[in-house]
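Enquirer: Take a look and give me a structure for this.
(2 chains)
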Amino acid sequence: MPLLEVENLRKQFGGLMAVDDVSFRVHRDQIKALIGPNGAGKTTLFNALTGVDKPTSGKVLFDGADITGKRAHEVAEIGIARTFQNTQIFANMNVLENVMVGRHCQTKSGIFSCMLGLPSVRREDLESEERAYSLLTLVGLEKKAKSSSDDLPVGERHLLEIARALATEPKLILLDEPAAGLNNEETSRLSDTIYRIRGNGVTVLLVEHDMGLVMEISDEVVVLNFGKKIAEGPPLLIQQDEQVIQAYLGQEIEHA
Amino acid sequence: MTSGRRGRLNKQWLWVGLYALTMAIIPNVLANNYYMKMLIVLAINTIIVIGLNLLMGYAGQVSLGHAAFYGIGAYSSAIMTTKYGMSAWLGIVAAILVGGLVAYLIAIPALRLKGHYLAMATLGFAEIVHILFIELREITGGTDGLYGVPAPSIAGFAFDTPQRLYVLVWMVLVICLVMALNIAKSRVGRALRAVHGSEIAAASMGVDTAKYKIQVFVLSGILACVGGSLYASMAGYVSSESFTLTVSITLVTMAVCGGMGNVWGAVIGASTLTIMQEYLKSYNDYNLVIFGAILILAMVFMPQGIYGAFSDLAKKLKHRLQAIPETAGEQHAAS
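Expert: Numbers count the residues shown, from 1 in each chain, chains lettered A, B, ... in the order given. Okay, the predicted model is just below:
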């Protein structure tokens, strides 16, 4: 059984069909990439999968269960975590606290026990802190744990978001352009990190424009253009696909 | 890292102890009714602003209507004690229940709104409540208000003088402060700050944003009601004039000037501005103008509030002090 099944998903904004009848599957322990020219509907698809937006029609199955139309926090609890293309760091917290927010799903203390400062709350807090710290080590941000998150450069914000998403202990992580703002060296470190994430048993679905990275790390690639899926398959085949080449080159000509 | 965190927590409780002690000593120095009443008002304002700061500073939800909860607390206490002959304690319990319920019912629709719209909604709510205080004459006494609110008492000991009531208010304040500090550093506190930082990211981390917004709104409403209830006991009467828009704005000014997103900011803001307000009383009509000016100046020059400005200053001083021995050492080495 695939981990994630997207069936005939549609998302319409007014007259615009941003995601048009898209179906694909993500299998356990895969690294799958979602590519396509700007405006192809990749982020919209992510939003529809994670409950940020409700899909207009279609189905999303996760681990065999229908999760279509669930709210964002419920999707997180079920085991899908995500990062954001335009990073959504909690600027009012330090780096470590940002990751600790990711532990929210894994902890239970309610407002009353927190108010009373019960020992169980403190225990949970220490556990969260330790887990958050080890996740910061995973992405290489442990030295900045106590820094203000607002001071991080763009590349490190993406890394922080990855650590924060992993803190929810997901089965599937959706990365939205994690290499944006990274230099070559940082990108190669990112690919190591993504391999390590998969090594820890987390399936990866990523949107990315850095084709070098996509072709290097993905097991399979889905290509979207104008909201429609135009190709799916292993990276080598995708690179030779007529329609894919046309979608990308066509866009280049328009730009020029 | 673990021990570092423990150390920080201990330091926080040290501050609480110091604050509680200071507040306990002051009445012995300023032992007259005028100052005692001012201190009670100061403590009540602090209780309310602590709640408002959790709502605005932590969760980022603006309320321009907290005078309504302040009033609901005061009137609930007054009505229960004067009309139904309940004890002042039951009055406080009634204030908490009524206030919590009203806050909950308001929160469900209001917190769907964001930013300015939420501010307008709470403003409208407070105006409606204020009109009800005046118009529901049968229950609230209309423009005359309600008289003869008793002071709470335990086993024959009545908190009926300003000195005695101060002890009670001071204890309630310390309890509220400790609870707020506990929430602030907990999972729930982080969830509230996450809602403020980015609602969409908070939800994607599993934070039920609607639930936490409602919870913190109800909590801040309840704290304002507790304040109102204590106020009714102090004054012995309640009237609608005490719960106007001006009061809502004053409370927000205290929260902003003290420093949002830090519990101590609420303590500092409420204390500073309550004292200032007392000395500005002689400029009766200009009171609000002066408060508005303070709010604007604070936003421009101290966006992090008094607490933020001082903690920045303290950090800079610390850096300087750490730098001095180093440079001195270098000079030694050079010579």
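
Enquirer: Just give the nearest non-adjacent residue to residue A:83, would you?
Expert: Closest residue in space to residue A:83, ignoring its immediate chain neighbours: residue A:161 at 3.8 Å, by C-beta to C-beta, 6 or more residues apart in numbering or on different chains. Backbone N, C-alpha and C define where each C-beta goes, glycine included.

Enquirer: show me the contacts for that neighbour.
Expert: Contact analysis of residue A:161 by C-beta atoms under 8 Å, 6 or more residues apart in numbering or on different chains lists A:83-84, A:87-89, A:178.

Enquirer: Let's see that with 7 Å instead.
Expert: Neighbouring residues of residue A:161 by C-beta atoms under 7 Å, 6 or more residues apart in numbering or on different chains: A:83-84, A:87.

Enquirer: tell me the SS of it?
Expert: The three-state label given to residue A:161 by DSSP: H, G, I helix; E, B strand; the rest coil is helix.

Enquirer: mind checking how far it is from residue A:181?
Expert: 12 Å (C-beta to C-beta, to the nearest Å).

Enquirer: Kindly report the same for residue B:265.
Expert: From residue B:265 to residue A:181 the distance is 34 Å (C-beta to C-beta).

Enquirer: Relative to residue A:180, how far out is the residue of the stretch 151-256 of chain A found nearest chain B?
Expert: Nearest residue of the stretch 151-256 of chain A to chain B, counting by C-beta to the nearest C-beta: residue A:168, 5.8 Å away. For residue A:168, the distance to residue A:180 (C-beta to C-beta) stands at 22 Å.

Enquirer: higher neighbour count, those two?
Expert: Taking neighbours as other C-beta atoms under 10 Å in any protein chain shown, residue A:168 and residue A:180 compare with residue A:168 leading, 22 against 17.

Enquirer: and that one, what is it in contact with?
Expert: Applying C-beta under 7 Å, 6+ apart, we find residue A:168 in contact with A:76, A:81, A:102, A:105-106, B:205-206.

Enquirer: switch to 10 Å and redo it
Expert: Residue A:168 makes contact with A:76-77, A:79-82, A:101-106, B:204-206, according to C-beta atoms under 10 Å, 6 or more residues apart in numbering or on different chains.

Enquirer: And the strands in chain B?
Expert: For chain B, applying DSSP state E gives strands covering B:146-147, B:153-154, B:157-158, B:237-238.

Enquirer: Next, format these as a markdown table and append mean neighbour count and distance to residue A:120.
Expert: Formatted as a markdown table, these follow (neighbours: other C-beta atoms under 10 Å in any protein chain shown; distance: least, C-beta to C-beta, whole Å):
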| stretch | mean neighbour count | distance to residue A:120 |
| --- | --- | --- |
| strand B:146-147 | 18 | 44 |
| strand B:153-154 | 12 | 32 |
| strand B:157-158 | 11 | 36 |
| strand B:237-238 | 22 | 41 |
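
Enquirer: Show me the one of these that comes nearest residue A:205.
Expert: Nearest to residue A:205, of all the strands of chain B, is strand B:237-238, at 59.8 Å by C-beta to C-beta.

Enquirer: so what secondary structure elements neighbour that closest one?
Expert: helix B:66-82, strand B:146-147, helix B:209-235 (3 or more C-beta pairs under 10 Å, 6 or more residues apart in numbering or on different chains; DSSP states H and E).

Enquirer: nearest to chain A, of those?
Expert: Here helix B:209-235 is closest among the helices and strands packed on strand B:237-238 (C-beta to the nearest C-beta), at 5.3 Å.

Enquirer: hmm, that closest one touching chain A?
Expert: Yes - for helix B:209-235, a contact with chain A is found by C-beta under 10 Å from any C-beta of the partner chain, at B:209-212, B:215-216, B:218-219.

Enquirer: Could you provide the residues you listed in JSON lines, with additional columns for distance to residue A:153 and neighbour count?
Expert: What follows is these, written out as JSON lines (distance: C-beta to C-beta, whole Å; neighbours: other C-beta atoms under 10 Å in any protein chain shown):
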{"residue": "B:209", "distance to residue A:153": "28", "neighbour count": "20"}
{"residue": "B:210", "distance to residue A:153": "33", "neighbour count": "17"}
{"residue": "B:211", "distance to residue A:153": "34", "neighbour count": "12"}
{"residue": "B:212", "distance to residue A:153": "30", "neighbour count": "23"}
{"residue": "B:215", "distance to residue A:153": "35", "neighbour count": "22"}
{"residue": "B:216", "distance to residue A:153": "32", "neighbour count": "27"}
{"residue": "B:218", "distance to residue A:153": "40", "neighbour count": "23"}
{"residue": "B:219", "distance to residue A:153": "37", "neighbour count": "23"}
